[in-house]
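>>> below are the sequence and a predicted model; questions follow.
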Amino acid sequence: MNLPSRLAALAFLSCAALLLHQQTTPAPSAPANVAAAAAPANPAPTFYRDVLPILQQHCQRCHRPGEIGPFPLVTFDDARAKAQKITAMVRDKKMPPWFADPCCGHFSNDPSLTPQEITTLADWAQSGAAAGNAHDAPAPPHWTEGWNIPRPDIVVQMPKAVELPSRGDIEYTYEIVPTGFTEGKWVQMSEIRPSSRMNVHHAVVYVRSPDSQWLRHAPVGVPFTASDLKSEEDRRDAHWTDADVLLVYAPGSSPDNWPADMAKYVPAGSDIVFQMHYTAHGHATHDQSSIGIVFAKEPPKKRVLTLQLTNDKFIIPPGVDDYRVEARGTLPNDATLLSFLPHMHLRGKQFEYNIVHTDGKIETLLRVHWNFYWQMSYRLAEPLPLKAGTMLQAVAWYDNSPKNPHNPDPSSAVYWGDQTSDEMMVGFFDVAVPANINKTQFFVRGTQQY
Ligand code: HEC
């Protein structure tokens, strides 16, 4: 099925993957087959020596106070209380969450445990979850209170909290915040912190440059929805913009953290535009999200742009369990591919990013087994330089059958739409281009000025 598709100039998320502590865990040293009866057996793992390093590197990003994990895994008591559960989750590969098929690609933010690490956690639980000697503990990681990036240089908060109802669909909510930047700024790292995390389904933070007409009739510093805008044109434009994306938040997504010589650019006089998708959770509340930004120490060589492969012209028939939708586009200029963030809703099943070679061969860069509750970013371990004219393809599969436990209504046909009972097909991806090229210039084909 070849649906109309395009490489939209729209921006969106970028991903980043913040694995601050990526040393590999030393495997417990296994004495090689020593015949002597006196040789010590492989000693039982202890918390401080064997378990804590794994928790620090793979779990505490989420399982520490104030983060999204339902309990901390920081102290011995924390871990001992959950020893059996930890074993079950890591054996089933349910934790740490990661949905890329091992078939394709290597990703620097892959938090997966090695088989050795899984065995260590399981043996520790099985052998009685001993504490061991606290002196064996690795140094605690330097988490920033409230953030997964180092201490932000600036924090931009929505000036006014958004009131959220207890139930029903909530229209996409926007809030525009002037940066007041008097010069262009390079953003090395950024992170969104919702104040009511439970209610934030996802958020996209855009950079509206001074020359952009997007949402120019909308109020500044207060929340509004597209329906609040007066003209039909403004209401329609709210959803479609060519503004660059600073970053995107979804549960499980990591903050942006670009390689040393790459950064996102915010021109002088820009506004930050929060686009929030909230969901109701049974009680009225409010949210006042913030973003934290760490500026690049020096101007980078490359500018990061967030692009997307989108198809909004599909109709998923009722009951079908494997409906395929694709989008393709050719790169207008050379670019280095950095990362991916697929976006679908409750009927999502699988998502792929491919290169379609000129001989028709398809090379899969990423295949994700979709889990609606974990909208993650996937950052290539090796950035991939691509030539102008390279054809990129995104393919999404949907399960609109009753077999899909998340399906709100298998009897209805499903179209593109904002709400989670509608569907989306968006393959966001980040590329690096020369620092002096902006998104509009990048989309001028055939110039190859650089
Ligand atoms: C990206 C964030 C994230 C990371 C990394 C992560 N977790 Fe979790 N974990 C969660 C969230 C959120 C939940 C609750 C929702 C769920 O179960 O999916 C959870 C649930 C759990 C549970 C409870 C499951 C249950 O059914 O009660 C265990 C045990 C667990 N995690 C262990 C771990 C371990 C061990 C690691 C590291 C090896 C880890 N997690 C890494 C976010 C994370």
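Looks like it arrived, so ask away.
>>> just give the nearest non-adjacent residue to residue 225, would you?
Using Cβ to Cβ, 6 or more residues apart in numbering and skipping residues adjacent in sequence, the residue nearest residue 225 is residue 171, 4.2 Å away. Yep, even glycine has a C-beta here, placed from its N, CA and C like the rest.
>>> how close does that neighbour sit to residue 291?
Applying Cβ to Cβ, to the nearest Å, the value for residue 171 to residue 291 is 22 Å.
>>> likewise for residue 411?
Taking Cβ to Cβ, one finds residue 411 at 40 Å from residue 291.
>>> those two: who's more crowded?
Per other Cβ atoms under 10 Å, whichever of residue 411 and residue 291 has more neighbours is residue 291, with 25 against 9.
>>> so what pLDDT did that one get?
Here, the pLDDT recorded for residue 291 equals 97.
>>> how about the contacts made by whichever residue of the stretch 251-400 of the chain sits closest to the ligand?
The ligand sits closest to residue 252 of the stretch 251-400 of the chain, with a gap of 4.7 Å, by Cβ to the nearest ligand atom. Counting by Cβ atoms under 8 Å, 6 or more residues apart in numbering, residue 252 touches 62, 68, 97, 373-376.
>>> check residue 262 too.
By Cβ under 8 Å, 6+ apart, the neighbours of residue 262 are 300-304, 338, 432.
>>> so which residues on this protein come close to the ligand?
Applying Cβ under 6 Å from any ligand atom, we find that the chain lies next to the ligand at 58-59, 61-63, 68-70, 82, 85-86, 89-90, 95-97, 111, 113, 252.
>>> for PyMOL, what selects the buried ones among the residues you listed?
Only the buried entries of the residues of the chain next to the ligand go into this PyMOL selection, using 16 or more other Cβ atoms under 10 Å:
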select buried, resi 58+59+61+62+63+69+82+86+89+90+95+96+97+111+113+252
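>>> just the ones of the residues of the chain next to the ligand in strands?
Under the assignment DSSP state E, these contribute nothing to strands.
>>> could you list which of the residues of the chain next to the ligand belong to helices?
In helices, defined here by DSSP state H, the members of the residues of the chain next to the ligand are 58, 85-86, 89-90.
>>> helices along the stretch 351-450 of the chain, start to end?
Listed in chain order, the helices of the stretch 351-450 of the chain (DSSP state H, counting those that start in this stretch) span 439-442.
>>> can you show me the strands along it?
Taking DSSP state E, counting those that start in this stretch as the criterion, the stretch 351-450 of the chain carries its strands at 362-369, 378-386, 391-398, 426-434.
>>> quick one: the last one to strand 391-398, angle?
Here strand 426-434 runs at 160 degrees with respect to strand 391-398, directions being taken by axes from the mean of the first three to the mean of the last three Cα atoms, to 10 degrees.
>>> can you list the helices and strands that strand 426-434 packs against?
The contact analysis (3 or more Cβ pairs under 8 Å, 6 or more residues apart in numbering; DSSP states H and E) places strand 426-434 against strand 302-310, strand 335-343, strand 348-356, strand 391-398.
>>> listing partners with orientation, what would you give for the third one?
Spelled out, it's strand 348-356. Applying DSSP bridges, strand 348-356 is found paired with strand 362-369 (antiparallel), strand 391-398 (antiparallel).
>>> flag every buried residue along it.
Neighbour-count burial for strand 348-356 [16+ other Cβ under 10 Å]: 348-355.
>>> who's in contact with that strand?
Contacts for strand 348-356 (Cβ under 8 Å, 6+ apart): 309, 321-322, 328, 340, 342, 344, 362-370, 372, 386, 390-399, 404, 423, 427, 429.
>>> got it, and the last one?
For strand 391-398, contacts defined as Cβ under 8 Å, 6+ apart pick out 7, 309, 311, 316, 320, 322-331, 342, 344, 347-357, 362, 414, 423, 425, 427, 429.
>>> between it and strand 335-343, how many degrees?
Going by the same axes, to 10 degrees, strand 391-398 is angled at 10 degrees with respect to strand 335-343.
>>> then strand 391-398 to CSV, C-alphas only?
The C-alpha trace of strand 391-398 is given here as CSV (Å, rounded to 0.1, in the frame of the first residue of the first chain):
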residue,chain,number,x,y,z
MET,A,391,15.8,7.8,0.4
LEU,A,392,14.6,7.3,4.0
GLN,A,393,11.5,5.3,4.7
ALA,A,394,9.4,5.0,7.9
VAL,A,395,7.0,2.1,8.1
ALA,A,396,4.4,1.7,10.9
TRP,A,397,2.2,-1.3,11.6
TYR,A,398,-1.1,-1.1,13.6
